[in-house]
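> Sequence first, predicted coordinates after that:
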Amino acid sequence: MAPEQKESAHNAFRRAVARAGSQVAFERQTGAKQQKVSYWLRDRMILPGEYVLATETAFGISRHELRPDLYPIEQPDTDTAVLEPLR
């Protein structure tokens, strides 16, 4: 993962914890232990993949933002895409 992607993913993780209101509340909603959450935040780590979908569901932060390496935004293949004519 590129450094700028990692920084962006970490910031998305921080926003999720902020939306939870506390690390303990984040733990209740996602199952990620508070001590680990504290460690990940302190060391500017990204959210482990096993907690991404629960975090997205609980706090509305996209899986693409939380882990762009695991959930990239798919771009349409322009070679095979059907294009509508302009009117």
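That came in fine, so what should we check first? Numbering: from 1, shown residues only.

> ok, now which ones touch the residue nearest in space to the middle of the chain?
Residue closest to the average C-alpha location in the chain (Cα atoms, centre = their mean): Leu66, at 1.2 Å. Counting by Cβ atoms under 8 Å, 6 or more residues apart in numbering, Leu66 makes contact with Ala9, Ala12, Phe13, Ala16, Ile46, Leu47, Val52, Thr55, Glu56. For the C-beta atoms, the positions are set from N, CA and C on the backbone; glycine is no exception.

> Buried subset of these as a ChimeraX selection?
Buried residues among the contacts of Leu66 (16 or more other Cβ atoms under 10 Å), as a ChimeraX selection:
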select :9,12,13,16,46,47,52,55,56
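
> Report the two of the contacts of Leu66 separated the most.
Taking Cβ to Cβ, the two most distant members of the contacts of Leu66 are Ile46 and Glu56; they sit 14.0 Å apart.

> low-scoring stretches of the protein, by residue?
By pLDDT under 70, the weakly predicted segments of the chain are 76-87.

> And the helices in it?
Secondary structure of the chain by DSSP state H: the helices cover 3-20, 23-30, 34-42, 52-59, 63-66.

> Packing partners of the fourth one?
Going back to what we said before, that points to helix 52-59. Packing partners of helix 52-59 (3 or more Cβ pairs under 8 Å, 6 or more residues apart in numbering; DSSP states H and E): helix 3-20, helix 23-30, helix 63-66.

> For the longest one, which residues meet the burial criterion?
Neighbour-count burial for helix 3-20 flags Ser8, Ala9, His10, Ala12, Phe13, Ala16, Val17, Ala20 (criterion: 16+ other Cβ under 10 Å).

> residues touching Glu7, list them.
For Glu7, the contact set (Cβ under 8 Å, 6+ apart) comprises Arg44.

> First-to-last residue distance for stretch 59-73?
Stretch 59-73 has an end-to-end distance of 19 Å (Cα to Cα, to the nearest Å).

> Buried ones in that stretch, by neighbour count?
Neighbour-count burial for stretch 59-73, counted by 16+ other Cβ under 10 Å, picks out Phe59, Ile61, Arg63, His64, Glu65, Leu66, Arg67, Pro68, Tyr71.
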